[in-house]
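> no sequence on this one, just coordinates:
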């Protein structure tokens, strides 16, 4: 690996750790020439399927577009950046391991909603409202009621 500071070829791995549920390796490196330290992340480069849009158009998978939608739904929610990356990694893993060469955008949306439902119900409703094109308060109410039926209320202790 080239040093990002002096472009030297001689860098040494100081520490390696698994991150993002084991699908990524974090490596701490040191340059043998200038002594600078930096971090790299290593992931397997697996092909993602092409996306079939609702109008039939086929596009290459765009992970940044998917993550942007996820981040918008999770905006101002109590999840750390690491938790968000873990959830996003699970979504990508599910898409990669589906074994298909093409996937409908509607299936990707369902995978995203399933993942958001597990970690944050507010983010799930936000994403669902855009994804399912809620038209009025009734649509929101129906979705929230279905969530309430699935997940019984837990008693919170007041401090």
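That came through fine. Note that this is a predicted model, so its numbers are computed, not measured.
> Nearest spatial neighbour of the residue in the chain sticking out farthest from the centre, chain-adjacent residues omitted?
The C-alpha centroid of the chain is most remote from residue 33, which lies 36.7 Å away (CA atoms, centre = their mean). Using CB to CB, 6 or more residues apart in numbering and skipping residues adjacent in sequence, the residue nearest residue 33 is residue 8, 3.8 Å away. C-beta here means a position set from N, CA and C on the backbone, and glycine is covered the same way.
> Tell me the buried residues in the helix or strand where residue 69 lies?
Taking DSSP states H and E as the criterion, residue 69 maps to helix 63-73. By neighbour count on 16 or more other CB atoms under 10 Å, the buried set for helix 63-73 is 66, 69-70, 73.
> Name the next helix or strand following that helix along the chain.
helix 81-96.
> residues in contact with that following helix?
With contact meaning CB atoms under 8 Å, 6 or more residues apart in numbering, helix 81-96 is reached by 20-21, 23-24, 46-49, 61, 63, 66-67, 70-71, 74, 79, 103, 108, 111-112, 115-116, 118-119.
> Would you mind listing which of those residues are buried?
Counted by 16+ other CB under 10 Å, the contacts of helix 81-96 give 20, 23, 48-49, 61, 66, 70, 74, 103, 108, 111-112, 115-116, 119 as buried.
> quick one: which of those sit in helices?
Members of those lying in helices (criterion: DSSP state H): 66, 70, 108, 111-112, 115-116, 119.
> now, the most widely separated pair of those?
Largest separation among those by CB to CB: 108 and 119, giving 17.2 Å.
> Low-confidence bits of this structure, can you list those?
20, 151-159 (pLDDT under 70).
> Residue 8 versus the residue nearest the centre of it, what's the distance?
Residue closest to the average C-alpha location in the chain (CA atoms, centre = their mean): residue 88, at 1.4 Å. Distance of residue 88 to residue 8, given as CB to CB, to the nearest Å: 33 Å.
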